[in-house]
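S.K.: Based on what follows, work out the 3D shape:
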Amino acid sequence: MLPLDDNRWANYRTGYNFLSFDIQEFLLRLVRATANGRDWDVLWDELHHQGDVGELAYATIPYLVAYAEKAQTIEWHAFGFPAVVEIARLTIRKNPSVPMELEPDYSESFKKLADIALRRGESAWGEHCFEPIMSCLALAYNRPKHAELYLDATESEITDFFKYRDKN
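M.R.: I've put the predicted structure just below:
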């Protein structure tokens, strides 16, 4: 996990391709497991924009792991945001590569998140966590299409799939 006082934070871009977004306070709330309510907007409003992500999103993901480990109830964002970022990284060419200094922690985050979810159990999950957790589990085992399906398929689409299957 990149230390908060590391100068490289200033070189990482947001989902809007901007430099110099101050994310330190949000990351501190993650580490303390005190993030709540509007805090999560930072992820979706600054670090991700219509499939675009920057290095700042990659650097944030290990902090979401720290949050998931400590939070009494884990909000779905801790699983959903990393899954969305990784799918965007894999599918949208203009998104940057994960910087070398972030790569080990970033890549390991998916297995750690899946492990945390399974170890802590459903009683620690917030509302809407199932699909994002399954997506992280799929990404941890190099199944990006499965991960994408878990995030995108609606309950009615799954029902329709089984209706179609059962007809044949």
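S.K.: rest of the way, CA atoms for contacts and neighbours
M.R.: OK.
S.K.: Grab the nearest non-local neighbour of Gln72.
M.R.: Nearest in space to Gln72, with sequence neighbours left out and distances taken as Cα to Cα, 6 or more residues apart in numbering, is Ala124 at 6.4 Å.
S.K.: Contacts only, for the one you found.
M.R.: The neighbours of Ala124, taking Cα atoms under 8 Å, 6 or more residues apart in numbering as the test, are Gln72, Thr73, Ile74, Ala117.
S.K.: In PDB, could you pull the C-alpha coordinates for the longest helix out of those in the chain?
M.R.: Identified as the longest helix of the chain according to DSSP state H is helix 103-120. Output of helix 103-120 as PDB, limited to C-alpha atoms (Å, rounded to 0.1, in the frame of the first residue of the first chain):
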ATOM      1  CA  GLU A 103       1.200  -3.600  -9.100                       C
ATOM      2  CA  PRO A 104       1.900  -6.100  -6.300                       C
ATOM      3  CA  ASP A 105      -0.600  -4.600  -3.900                       C
ATOM      4  CA  TYR A 106      -3.200  -3.900  -6.600                       C
ATOM      5  CA  SER A 107      -3.200  -7.400  -8.000                       C
ATOM      6  CA  GLU A 108      -3.200  -9.100  -4.600                       C
ATOM      7  CA  SER A 109      -6.200  -6.900  -3.500                       C
ATOM      8  CA  PHE A 110      -8.800  -9.100  -5.300                       C
ATOM      9  CA  LYS A 111      -7.800 -12.300  -3.500                       C
ATOM     10  CA  LYS A 112      -7.600 -10.400  -0.200                       C
ATOM     11  CA  LEU A 113     -11.100  -8.900  -0.700                       C
ATOM     12  CA  ALA A 114     -12.600 -12.300  -1.600                       C
ATOM     13  CA  ASP A 115     -10.800 -13.800   1.400                       C
ATOM     14  CA  ILE A 116     -12.100 -11.100   3.700                       C
ATOM     15  CA  ALA A 117     -15.700 -11.500   2.500                       C
ATOM     16  CA  LEU A 118     -15.600 -15.300   2.900                       C
ATOM     17  CA  ARG A 119     -13.800 -15.300   6.200                       C
ATOM     18  CA  ARG A 120     -15.900 -12.600   7.900                       C
END
